[in-house]
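S.K.: Could you look at this predicted model? Sequence included:
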Amino acid sequence: MTTPYEKGRAAEEYIASLFKNAGAFVMRSAGSKGPADLLIVTHNEVLLIQVKTRNASRKERERLISLANKMKARPVIARKLRKYWILEFLDEPLGGSFFLSDYLRRFNA
């Protein structure tokens, strides 16, 4: 039986591997109880990502936004919607969500 910790770790490692394969610099905060699980540096932006297998609470979102603002990074929630991973950019005024596959395709262009 898979524990919630194992499920979360596997999700973080999956997202990290996709960004690494796309050429991004990736740091994972193993066993993190902090606001961000992943620090991703692409060719033109820095992302702080909280990977969720459930919905993020308001407090979790606020903590992620606060840290991202201090680091001049973009706060992102990565969550699974059915069989697809969604990136929810919390700094978008009207909420910007992208399929992870679409974002990575744009990133590689």
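M.R.: Perfect, I can see it now.

S.K.: Tell me who's in contact with the most centrally placed residue in the chain.
M.R.: The centre of the chain sits closest to Ile49, judged by CA atoms, centre = their mean, with a distance of 2.8 Å. Applying CB atoms under 8 Å, 6 or more residues apart in numbering to Ile49 gives the contacts Ile15, Ala36, Asp37, Leu38, Leu39, Ile40, Val76, Ile77, Ala78, Leu87. All C-beta spots, glycine's among them, are computed from the backbone N, C-alpha and C.

S.K.: Let me know how buried Arg106 is, in neighbour terms.
M.R.: Neighbour count of Arg106, defined by other CB atoms under 10 Å: 9.

S.K.: SS state for the residue nearest to the centre of the chain?
M.R.: Using DSSP: H, G, I helix; E, B strand; the rest coil, the structure places Ile49 in strand.

S.K.: And the pLDDT at it?
M.R.: For Ile49, the model assigns a pLDDT of 96.

S.K.: do the same with Lys83
M.R.: In this model, Lys83 is scored at 89, pLDDT.

S.K.: ok now do it, which residues does it touch?
M.R.: Not one residue lies near Lys83 by CB under 8 Å, 6+ apart.

S.K.: now Arg54
M.R.: Arg54 sits next to Arg79 when contact means CB under 8 Å, 6+ apart.

S.K.: which SS class is it?
M.R.: Arg54 ends up coil, using three-state DSSP.

S.K.: what does the one 5 residues further on give?
M.R.: Under the three-state scheme (three-state DSSP), the conformation of Lys59 reads as helix.

S.K.: Then Tyr14?
M.R.: Classification of Tyr14 using three-state DSSP returns helix.

S.K.: For it, the count of nearby residues, please.
M.R.: Tyr14 has 14 neighbours, counted by other CB under 10 Å.
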